[in-house]
Each structure stands twice: as C-alpha cells, then as structure tokens.
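J.: Show me how the following folds:
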Amino acid sequence: MKGKYKFLLLALLIAFASCSFTSKVNGEGSDKDKLLIRIITYLLDQGHYAPQDINDDFSERVYDDYIRQLDPFKRYFYKSDIKEFESYKNQLDDQLKTYDLAFFDLTHKRLLQRIAESKEVYAKILDKPFDYSKEESFNSDYESLDYVKNKREMKERWRKQLKFSTIANYDEAIENNLLMSQEDESIKKKSKKELEIEARETTLNSLTELYTYMDERERKDWFGVYINAIVREFDPHTFYFEPEDKDRFDVEMSGKYHGIGARLQRSLDVISISELISGGPAWRQNKLETGDQILKVTQEDEEEGVNIVGMRLEDAVKFIKGPKGTTVTLTVKKVDGALEDISIVRDEVVLEETYAKSSTVIKDGKKYGVINLPSFYDNFDRDDRVSCSIDVKREIERLKKEGIEGIIMDLRDNRGGSLGAVVDMAGLFIEEGPIVQVQSTTEPKRIYRDKDKSIVWDGPLVIMVNELSASASEILAAAMQDYKRAVIIGSEQTFGKGTVQNVVDLNRVVRNNTNGDLGAIKFTTDKYYRINGGSTQLEGVKSDIVVPDRYKYIGIGERTQDNPLAWDEISAADYNVWENYYDYDAAIAKSKERIASNEQLRLIDENAKWINEIRDNETYSLNYNSYKKRLELNEEEAKRFEKISDYSTNLTFNSLPYEISLMQKDSILKEKRKRWHVSLSKDVYVEEALNVLNDLKLSYAIKNNVAKMKN
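T.: Presented below is the predicted three-dimensional model:
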C-alpha cells in the first residue's frame with residue numbers, strides 16, 4: 001500500500017511540477033479555490049479506485065447533496081432560490097472542468113443572506129408564548145418537505161420547528177421544577193406561564209449560540225462543504241480535510257489527543273456515536289453508547305449549549321473536543337429514545353488502550369480463553385514493532401500455559417486497521433496460504449499470504465462479530481470462514497467495508513504554492529476480496545450463527561452510506577480447507593436451537609424492533625398533553641426491557657498471572673479489568689460462544705475416538 005501511495009504522489013508531483021498557480025484571479029478566494037478544484041478532480045480521476053464520469057448525472061448528484069447539506073431543515077432557502085439554483089443543476093460538471101465557481105459563489109452569498117434574515121424570524125417567534133393546547137403536529141421527515149414560497153410560509157415553518165424544540169424544553173422544565181420543589185420545600189413551584197417563558201429562553205439561547213458559531217464561519221469553511229459534496233459522490237470514505245481538520249486527523253493518527261474518547265458519524269442531519277475508545281473518558285464513565293444521537297453540546301462555563309443537529313460533523317467535533325480537565329455536557333437521545341444529559345471530563349485519549357487483552361473462564365469443567373481485540377494496530381516500525389498480531393500471539397501462548405481448550409476471538413466493534421497485521425494474525429491459526437486478495441484499477445490483483453508454516457493455535461476457535469466489525473476484522477473473519485477454521489457468531493452480517501483509503505497531503509502535490517495550506521484528501525484506492533473471490537464490500541461477512549442484537553433493525557453499515565462502491569467478485573485464490581475433526585455443522589445447528597429458545601435473546605430482539613419503531617416514527621404532536629402521553633407510554637414500554645441489563649451468567653472471568661502481578665501496582669488497570677470481567681459475565685453472546693466451543697470440543701472428542709477405533 002505504501003509503495004503504491006508513493007508512486008501516485010510522485011506521478012502527481014511530476015504532473016504539477018511545471019505548473020504555477022500564483023497568478024491572481026478576480027473573485028474572493030478564487031485563486032486558492034480554483035487550485036483546489038483542479039488538484040482534487042485530477043487526483044480522483046487518476047487515483048481513485050472507481051473514478052466517476054464528470055457528466056450531467058454527476059452534476060445533479062453533487063447539486064442535490066450540496067443543497068441538502070446547506071439547508072437540511074429547509075428553513076433558509078425559498079422556492080425561488082431553488083429555481084434559480086436549478087439552472088446550474090446540469091452545469092456543475094462543466095464548471096468543474098473549467099474551475100468555474102459561479103454556482104458556489106451564488107449559493108454562498110444567498111445562504112448568508114437567508115441566514116441573516118432568519119435571525120429576525122426566529123427572534124419574533126420566540127418572543128411570544130406557544131399554545132400547547134392547540135391540536136397540531138410536527139413532521140421531522142425534512143426530506144419530504146417542499147421549499148416555502150414566501151415569508152409567511154417561512155415563518156410558519158420556523159414556528160413549528162421552534163415549537164417542537166421548545167416543547168421538549170418545556171417538559172424538562174416542568175419535571176425539573178417538580179423534582180426540585182419536592183427535594184427542597186423552600187423552593188417555590190413555578191407557574192406554567194413562567195416555565196413556558198423559561199423553555200423559550202432555552203431555545204433562544206441555543207439558537208444564539210448556533211448563530212454565533214455560524215457567523216464565525218469563513219468562506220473557506222463553506223467552500224469545504226462544496227468540495228466534500230463533490231468528492232463524496234465517489235464513495236463515502238473519500239473526504240477532503242480542510243487545513244485545521246487535517247491537523248486534527250494527524251493528531252489522532254499519532255495515537256494521542258484530548259477529548260472524550262468517542263468517534264462520531266453523521267447521517268443526514270443527525271450526529272451519533274459510532275465507537276467508544278477503550279480507556280477513554282466516555283468509556284470510563286460508561287454512560288454513552290454506540291448509536292446515541294448528540295443533540296446539544298454545553299461547555300462548562302455555559303448555561304445553555306449549542307444545538308448541533310444539522311451541523312457538519314467536522315464543526316460539531318470542534319465543540320466536543322477541548323482542553324484536558326474541562327467538562328463538556330452532551331444532550332443525547334439514547335438508542336431507546338430517552339433524552340439524557342451526560343457530562344464528561346475531557347482527558348488525554350491514548351489509543352494504546354485498544355491493545356489486545358485476554359481472560360480465562362471455566363465452562364462445564366473446561367477452561368477457555370477470551371481474547372478481545374478492539375483494533376488492528378501496527379506502528380510499522382521494524383526495529384520496535386508494536387502490532388496486534390504480536391500481542392495476540394503472546395496472549396495465545398499465555399492462555400495455552402493456563403491449559404485452555406478453546407479460544408473466543410472478540411472482534412465486536414473492531415473497525416479494522418493494518419492490513420499487514422491481520423495477515424500475520426490469520427497465520428496464527430493456519431499452516432500457510434492466502435489470507436486476502438487486493439485489487440486496484442492500475443495493477444493486477446495482489447494476494448497477501450501467510451508464509452509461516454507454524455501454527456500457534458490449532459484448537460477450537462470462535463470469532464465474535466457485529467455490525468460494527470469492519471475492514472481488517474472482516475478480512476480475518478472471512479479468511480477463517482473460508483478455510484472452515486472458525487465458527488463466526490454475531491449479527492447477520494458485518495459492516496461491509498471492503499475498501500482501503502490513502503491520505504494525500506495536497507501541499508506536497510503543488511510546487512511553488514503561494515496560496516497557503518491546502519489541506520489533504522483521503523480517497524479510496526483499492527478493494528479487498530475474500531480468498532473465495534467474493535468481496536466483503538456491502539455484504540460484509542455473514543455469520544454462521546446469527547444472534548439478535550439491538551441494532552438489528554436500525555440499519556448500520558456500508559450499505560446505509562451514500563454512494564458506496566458496489567459488491568463484486570474476482571477469481572478465487574488457491575487454498576485448501578482446514579482439515580480437522582471438528583463438526584462445525586453440528587455445533588452451528590445446536591447453537592441455533594439454543595438461540596431460538598433463549599428468553600434473553602428473544603427480549604433483545606423485541607427491544608430492537610421497538611427501538612426501530614420509535615426511530616421510524618417521524619410525526620410528533622405539538623399538543624403538550626398528547627406529547628406527554630406519548631413520552632409516558634414510551635417510558636412504560638421501556639420498563640419491559642430493563643431486565644436485559646439485569647441479565648447475568650454464573651461464569652467467572654479471570655486475568656492471567658502476568659496481569660495479576662501488574663494490577664498489584666496499577667489500580668487503573670485493575671479497575672479496567674474488573675469492569676471488563678463484569679461485562680463478560682453479563683454478556684449473553686459470550687455465553688453462547690462458549691457453548692459453541694463446548695460443542696466443538698465434544699465433536700472433536702467423538703470424531704477422534706471414532707477415527708482411532710477405525711485404525
């Protein structure tokens with residue numbers, strides 16, 4: 001991968017070496033902007049795995065995505081604006097080829113005008129009380145809304161959106177006032193009129209914060225939105241980093257940064273938690289969960305936070321990150337629909353906390369090992385290599401000394417990482433052979449192989465995955481599945497990211513650049529393929545044993561992204577299925593029978609369906625009594641699923657001797673392992689994985705005895 005990157009960069013340097021982009025062109029910021037358009041379109045055309053035809057169809061898709069990002073709630077632009085913009089709908093391809101910024105300049109200028117006008121609109125609306133006895137509703141399906149025709153319709157759109165925001169504040173104010181007066185009799189209960197005023201003030205303060213931030217955005221920030229509307233049409237993992245975003249990316253890649261320790265993703269106008277970094281502040285606090293939606297961010301010196309719904313992901317991150325030791329409060333909508341304020345003290349997030357760890361457990365008289373691997377890390381340092389493959393090998397050898405009879409490899413929530421590391425790790429479980437195939441548009445397919453004939457573990461192996469297991473996790477799971485070396489247990493399929501990206505610093509592409517920092521671009525250069533020839537793109541890895549989980553019906557994965565690359569297949573590599581005495585088919589059949597009759601898993605599946613129903617309901621009453629009744633019904637229904645978190649097995653998980661010695665001196669490590677072991681003991685999925693290991697071990701004993709009798 002590195003060799004190809006260097007070749008691509010060298011080619012670009014040569015291509016641009018004789019060019020000079022220092023001559024000034026009329027128009028604000030146009031010199032640098034045109035340079036960016038020229039570099040990025042050339043680079044993607046020459047280096048992207050699936051370069052796009054820059055034609056009218058491409059133009060329409062860029063137009064639609066860009067306008068949607070500028071005004072996701074459709075509360076700025078009028079129908080007349082859109083009609084004017086649409087004259088460019090099929091011209092953006094031509095403008096890109098000639099580095100023409102007329103469309104961007106028009107939309108940028110108009111957006112600033114409409115934002116300025118909206119300040120007066122929302123201020124007037126929030127100056128008067130809302131009538132919560134009125135029977136009316138609000139639909140949050142902004143995609144289905146049409147643009148307004150005039151100022152009267154615009155005011156009505158704002159009124160409903162603001163009333164929807166404020167009714168939640170009103171309910172919270174009533175609940176808080178009641179609770180405070182009950183706890184302290186000296187606190188006088190406020191009237192509904194006072195609470196209604198307080199609720200509107202909360203909404204107003206939140207909007208003021210948002211608009212203060214928007215006023216601080218410069219032209220280059222909005223131009224970054226336009227650039228990304230263009231590059232995201234290639235695939236969801238191609239992205240332009242503005243200079244300060246590139247700096248943040250570099251910091252995160254270095255392994256340390258200050259923040260809450262959570263990775264975020266954006267879908268339409270919603271920003272949600274995609275991953276918690278093990279050992280980070282949010283992980284330690286144990287209140288945020290994957291899938292939680294962040295609605296508002298409040299700094300420790302603020303009474304009211306800023307609403308980040310509809311905000312760019314990169315902009316929202318700027319509010320959430322901050323200096324070590326400071327507190328940030330996130331108003332989140334939990335996966336089950338409940339609203340909650342979660343305060344987190346920012347700290348240094350050390351990605352070393354994603355290192356492999358292991359534990360032992362006794363099940364039905366047999367000792368097994370559990371290895372948790374949060375990421376496929378590798379520092380690529382030949383002299384002092386730190387790699388997950390080395391660490392997992394070490395953990396397996398330690399587990400073998402403890403007399404374990406089977407291993408669970410937990411890859412749930414593992415988003416991937418180093419290709420070299422996953423190839424090395426797969427080799428721990430087979431003699432030798434191909435592990436993954438990689439295809440690019442400019443080179444023949446490459447087959448990455450395990451060339452080491454030694455096997456570190458040849459016993460029963462179960463690999464746990466879920467919808468968030470991606471990239472390198474899918475490579476390992478797919479290889480072990482194709483070799484019939486392991487049983488894969490988890491969600492119906494993994495994430496489905498079968499692509500690899502490279503990051504190019506645009507400042508290295510242009511010689512004699514006088515336009516300042518150009519930022520960087522990450523783009524897709526290759527696709528992964530299983531050794532059987534199938535792609536992991538979109539389809540991921542299908543589990544041998546499917547267990548219900550809370551994300552089952554929500555829709556998580558590559559297939560839910562915009563513009564994902566398609567699934568396809570290439571010729572299979574030459575490999576031989578693993579020869580052993582394990583009866584995988586019997587073990588899988590027994591597991592499916594247990595799952596079908598497991599009360600805990602049945603309840604989890606019902607909970608997943610209920611969560612999806614709540615998320616799909618986009619119509620809300622703006623009558624307070626009806627609104628409150630719906631909240632109460634949801635809360636009552638949620639109680640039915642409380643026993644999910646109360647579940648516990650009778651299993652006890654233990655650290656290995658070397659770690660017990662370390663914990664005598666390291667109280668933080670001791671607390672981390674204690675929490676991990678408690679979570680394992682409450683994990684119905686781990687419990688079933690252990691049952692599968694038991695079945696595999698039993699089948700081995702039976703088949704081995706039969707073979708001996710025949711001989």
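J.: Need the residue closest to the centroid of the protein.
T.: S274 (3.2 Å; Cα atoms, centre = their mean).
J.: That one in helix, strand or coil?
T.: Following DSSP: H, G, I helix; E, B strand; the rest coil, we place S274 in the strand state.
J.: Verify the stated contact: it with L264.
T.: Yes: with contact defined as Cβ atoms under 8 Å, S274 reaches L264; the gap is 6.1 Å. Bear in mind the C-beta positions are built from the backbone N, C-alpha and C, glycine included.
J.: pretty sure V504 is in a strand, no?
T.: Yes: the assignment for V504 (three-state DSSP) places it in a strand.
J.: quick one, what contacts the nearest residue to it once chain neighbours are set aside?
T.: Distances taken as Cβ to Cβ, 6 or more residues apart in numbering place I521 nearest to V504, at 5.5 Å, with adjacent residues excluded. Contacts for I521 were tallied using Cβ atoms under 8 Å, 6 or more residues apart in numbering; they are 40, 43-44, 231, 238-241, 503-504, 506.
J.: what's the distance between I521 and K32?
T.: 15 Å (Cβ to Cβ, to the nearest Å).
J.: Need the pLDDT of the nearest residue to V546 once chain neighbours are set aside.
T.: Nearest residue to V546, sequence neighbours excluded (Cβ to Cβ, 6+ apart): E492, at 5.2 Å. Predicted confidence (pLDDT) at E492: the value is 95.
J.: Could you count how many residues lie near E492?
T.: 15 (other Cβ atoms under 10 Å).
J.: so where does E474 fall, helix or strand?
T.: helix 472-482 (DSSP states H and E).
J.: re earlier: tell me which of the contacts of I521 is nearest to L178?
T.: L178 lies nearest to F239 out of the contacts of I521, by Cβ to Cβ, at 46.5 Å.
J.: do you know how far the nearest residue to the closest one once chain neighbours are set aside is from I475?
T.: Leaving aside its sequence neighbours, F239 sits nearest to K522 (Cβ to Cβ, 6+ apart; 5.1 Å). To I475, K522 is 20 Å away according to Cβ to Cβ.
J.: These two: which is more packed in?
T.: Neighbour comparison, K522 and I475: the larger count goes to I475, with 29 against 17 (by other Cβ under 10 Å).
J.: That one and Y529 touch, don't they?
T.: No: counting by Cβ under 8 Å, I475 stays clear of Y529, with 9.6 Å between them.
J.: what is in contact with those two at once?
T.: Shared contacts of I475 and Y529, defined by Cβ under 8 Å, 6+ apart, comprise 436, 536.
J.: what about dumping the CA coordinates of stretch 440-448 to CSV?
T.: What follows is stretch 440-448, C-alpha atoms only, in CSV (Å, rounded to 0.1, in the frame of the first residue of the first chain):
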residue,chain,number,x,y,z
SER,A,440,-6.7,-1.8,-7.7
THR,A,441,-7.6,-0.3,-11.0
THR,A,442,-4.0,0.2,-12.1
GLU,A,443,-2.4,-3.1,-11.0
PRO,A,444,-3.1,-6.9,-11.2
LYS,A,445,-4.7,-8.3,-8.1
ARG,A,446,-2.3,-9.0,-5.2
ILE,A,447,-2.6,-11.9,-2.9
TYR,A,448,-1.5,-11.5,0.7
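J.: one step back: can I assume the residue nearest to F239 sits in a helix?
T.: No: using three-state DSSP, the secondary structure at K522 is strand, not a helix.
J.: is it in a bridge, and if so with what?
T.: Beta-bridge partners for K522, by DSSP bridges, are F239, V503.
J.: roughly how far apart are it and P51?
T.: 16 Å.
J.: try I556
T.: Remark: distance between I556 and P51 (Cβ to Cβ) = 28 Å.
J.: if you count what's nearby, which of these two comes out ahead?
T.: Between I556 and P51, counted using other Cβ under 10 Å, I556 has the larger neighbour count: 20 against 13.
J.: List the contacts of the spatially closest residue to that one that is not a sequence neighbour.
T.: Ranked by Cβ to Cβ, 6+ apart and with sequence neighbours excluded, the top spatial neighbour of I556 is E467, at 4.3 Å. Remark: with contacts taken as Cβ under 8 Å, 6+ apart, E467 is in contact with 491, 493-495, 549, 551, 556-557.
J.: can you check T41 too?
T.: Going by Cβ under 8 Å, 6+ apart, T41 touches 54, 96-97, 230.
J.: What residues sit buried inside the helix or strand containing it?
T.: Under the criterion of DSSP H and E, T41 resides in helix 30-47. Neighbour counts over helix 30-47 (16 or more other Cβ atoms under 10 Å) mark 30-41, 43-44, 47 as buried.
J.: can you give me the end-to-end distance of stretch 142-161?
T.: 11 Å (Cα to Cα, to the nearest Å).
J.: Over to stretch 634-643?
T.: For stretch 634-643, the end-to-end distance is 16 Å (Cα to Cα).
J.: Please identify the buried residues of that stretch?
T.: For stretch 634-643, by 16+ other Cβ under 10 Å, it's 638, 641.
J.: chain center to it: distance?
T.: 27 Å (Cα atoms, centre = their mean, to the nearest Å).
J.: now what about that stretch, what contacts it?
T.: By Cβ under 8 Å, 6+ apart, stretch 634-643 touches 336-338, 603, 606-607, 610, 614.
J.: re earlier: mind putting the contacts of I521 into JSON lines with distance to S343?
T.: Below are those laid out as JSON lines (distance: Cβ to Cβ, whole Å):
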{"residue": "I40", "distance to S343": "40"}
{"residue": "L43", "distance to S343": "43"}
{"residue": "L44", "distance to S343": "42"}
{"residue": "V231", "distance to S343": "36"}
{"residue": "T238", "distance to S343": "36"}
{"residue": "F239", "distance to S343": "31"}
{"residue": "Y240", "distance to S343": "33"}
{"residue": "F241", "distance to S343": "30"}
{"residue": "V503", "distance to S343": "34"}
{"residue": "V504", "distance to S343": "39"}
{"residue": "L506", "distance to S343": "39"}
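J.: lowest-pLDDT helix or strand in the chain?
T.: helix 2-17 (a mean of 49; mean pLDDT, DSSP states H and E).
J.: average pLDDT for the helix holding E474?
T.: 97.
J.: C-alpha coordinates for that helix, CSV please?
T.: The C-alpha trace of helix 472-482 is given here as CSV (Å, rounded to 0.1, in the frame of the first residue of the first chain):
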residue,chain,number,x,y,z
ALA,A,472,-9.5,-5.9,8.8
SER,A,473,-12.0,-7.6,11.2
GLU,A,474,-13.9,-8.7,8.1
ILE,A,475,-10.7,-9.9,6.5
LEU,A,476,-9.9,-12.2,9.4
ALA,A,477,-13.4,-13.4,9.8
ALA,A,478,-13.8,-14.1,6.1
ALA,A,479,-10.5,-16.0,5.9
MET,A,480,-11.3,-18.2,8.9
GLN,A,481,-14.7,-18.8,7.5
ASP,A,482,-13.4,-19.7,4.0
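J.: What helices and strands are in contact with that helix?
T.: On a contact count with 3 or more Cβ pairs under 8 Å, 6 or more residues apart in numbering; DSSP states H and E, helix 472-482 meets helix 419-426, strand 433-440, strand 461-465, strand 487-490.
J.: Quick one: closest of those to I570.
T.: Per Cβ to Cβ, nearest to I570 of the helices and strands packed on helix 472-482: strand 433-440, 6.0 Å.
J.: now the angle from that closest one to helix 419-426?
T.: 160 degrees (axes from the mean of the first three to the mean of the last three Cα atoms, to 10 degrees).
J.: Need the contact partners of strand 433-440.
T.: 4, 49, 419, 422-423, 426-427, 445-450, 475, 478-479, 483, 500, 525-531, 533, 570, 573-576.
J.: Each with direction, which strands does it pair with?
T.: Applying DSSP bridges, strand 433-440 is found paired with strand 446-450 (antiparallel), strand 520-529 (antiparallel).
J.: The first one versus helix 472-482: what angle between them?
T.: Right, the one you point to is strand 446-450. Angle of strand 446-450 versus helix 472-482, following the same axes, to 10 degrees, is 70 degrees.
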